[in-house]
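[1] got a sequence here, can you model it:
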Amino acid sequence: MEMKIKKAIVTGGAGFIGSHLVDALLARGAEVVVYDNFCTGREEFLPKDPSNLKIIRGDVLDLPALKAAAAGCDFIFHFQANADVRGGRDNPRVDLEQNTIATWNALEAARANGVKGFAFASSSAIYGDPEIFPTPENYPPLQTSLYGASKFAGEAMIQAYCEYYDMRSFTFRFVSWIGERYTHGIIFDIMKKLQRDPKRLPLLGDGTQKKSYLYVKDGVSGVMLGIEKGKSQKNIFNLGHDYFITVVEVVKIVLDELGTRDVKLEFAGGKRGWIGDSPLVHLDTKQIKNLGWKPETSIEEGIRRTVRYLKQNPQLLQRA
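    Reported below is the predicted structural model:
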């Protein structure tokens, strides 16, 4: 049941993760359609005018346009999403629209065009606040955030569409990704705050929150391997690093890479960074490892590469 991709559409294909996925697909000889509204995606993240790449500026909530864009494709990578995990509390409709409804639209585009392969960027957030670490794929999720709930709803719809319409799905539950083309997240926030005040760094929580981070190229290799070797109709894989580090450790690495000294860390307090945050994210990745995958880049090196990239591309920090 090996999936061979000839022509794929990537929603969010101009984004941080999506653009690296586009690179991997093109390198494998696939024809690729990037579908992105360029709200957070960047044209400079995409290759320049390759013959097998088509870029469509469109919104995932525009179902007719998305259906038309997917015509002739045999695989959909639905990697567009609202990435602001905290923001859902202030604007609950965003996760519903940008994650749940957008996923339904992508599934409808697949159904309308007879697309049989569907990959989905899910999240470790679907596990809520688990009690087992590292957390395996069969852990029963109990939702603590609208972001996680919206992703979990997307997973459920994907499974139902596979049953109804003879599709195969590949759902990847991600930890936080880092690396080149990074446009949001803890490293980004630290560097933005230091731009405003190089001597003072306010931080959410108490600094002891522990997170696993994955270098983007390692993550994309896991996605491609899962699709190439996944044997089930409905495949679900955790993707994360073997290790985790605290917020304070992330800060120290960023400051060291920047060469910044004498910064006062100011903590908001509490074991969570925000309501719905999990104080420990560490996923069990045995399933994808059994297919031959493992992360090649340490968390520290991934952080350092991210800082170097943002230093070399300061315009990204200015746009946010």
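
[2] isn't residue 276 up against residue 144?
    Yes. Contact status for residue 276 versus residue 144: in contact at 4.8 Å, counting by C-beta atoms under 8 Å. From N, CA and C alone the C-beta is placed, and that goes for glycine too.

[3] show me where this structure has its helices.
    16-27, 63-69, 92-95, 102-113, 146-165, 186-196, 216-229, 247-258, 286-289, 299-312, 314-319 (DSSP state H).

[4] which secondary structure elements does the third one sit against?
    Packing partners of helix 92-95 (3 or more C-beta pairs under 8 Å, 6 or more residues apart in numbering; DSSP states H and E): helix 146-165.

[5] do the same with the fifth one
    Helix 146-165 sits against helix 92-95, helix 102-113, strand 117-123, strand 168-174, strand 234-239, with contacts defined as 3+ C-beta pairs under 8 Å, 6+ apart.

[6] pull the number of nearby residues for residue 189.
    15 (other C-beta atoms under 10 Å).

[7] next one: it from residue 176, what distance?
    Distance, residue 189 to residue 176, by C-beta to C-beta, to the nearest Å: 12 Å.

[8] how about the helices and strands packed on helix 146-165, which one is nearest residue 132?
    In terms of C-beta to C-beta, the element of the helices and strands packed on helix 146-165 nearest to residue 132 is strand 234-239, at 12.3 Å.

[9] state the mean pLDDT of the closest one.
    Averaged over strand 234-239, pLDDT sits at 98.

[10] returning to that earlier point: reformat the helices and strands packed on helix 146-165 as JSON lines; add mean neighbour count and distance to residue 56.
    Output for the helices and strands packed on helix 146-165, formatted as JSON lines (neighbours: other C-beta atoms under 10 Å; distance: least, C-beta to C-beta, whole Å):
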{"stretch": "helix 92-95", "mean neighbour count": "16", "distance to residue 56": "23"}
{"stretch": "helix 102-113", "mean neighbour count": "22", "distance to residue 56": "12"}
{"stretch": "strand 117-123", "mean neighbour count": "24", "distance to residue 56": "18"}
{"stretch": "strand 168-174", "mean neighbour count": "23", "distance to residue 56": "23"}
{"stretch": "strand 234-239", "mean neighbour count": "23", "distance to residue 56": "27"}
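
[11] turn the ones you listed into JSON lines, including distance to residue 50.
    As requested, those are exported to JSON lines (distance: least, C-beta to C-beta, whole Å):
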{"stretch": "helix 92-95", "distance to residue 50": "33"}
{"stretch": "helix 102-113", "distance to residue 50": "23"}
{"stretch": "strand 117-123", "distance to residue 50": "21"}
{"stretch": "strand 168-174", "distance to residue 50": "24"}
{"stretch": "strand 234-239", "distance to residue 50": "27"}
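
[12] of all those, which one is nearest residue 62?
    Of all the helices and strands packed on helix 146-165, helix 102-113 comes closest under C-beta to C-beta, at 8.2 Å.

[13] contacts for that closest one?
    9, 11, 60-61, 63, 66-67, 69-73, 76, 78, 80-81, 115, 118, 120, 153-154, 157-158, 161, 165, 167 (C-beta atoms under 8 Å, 6 or more residues apart in numbering).
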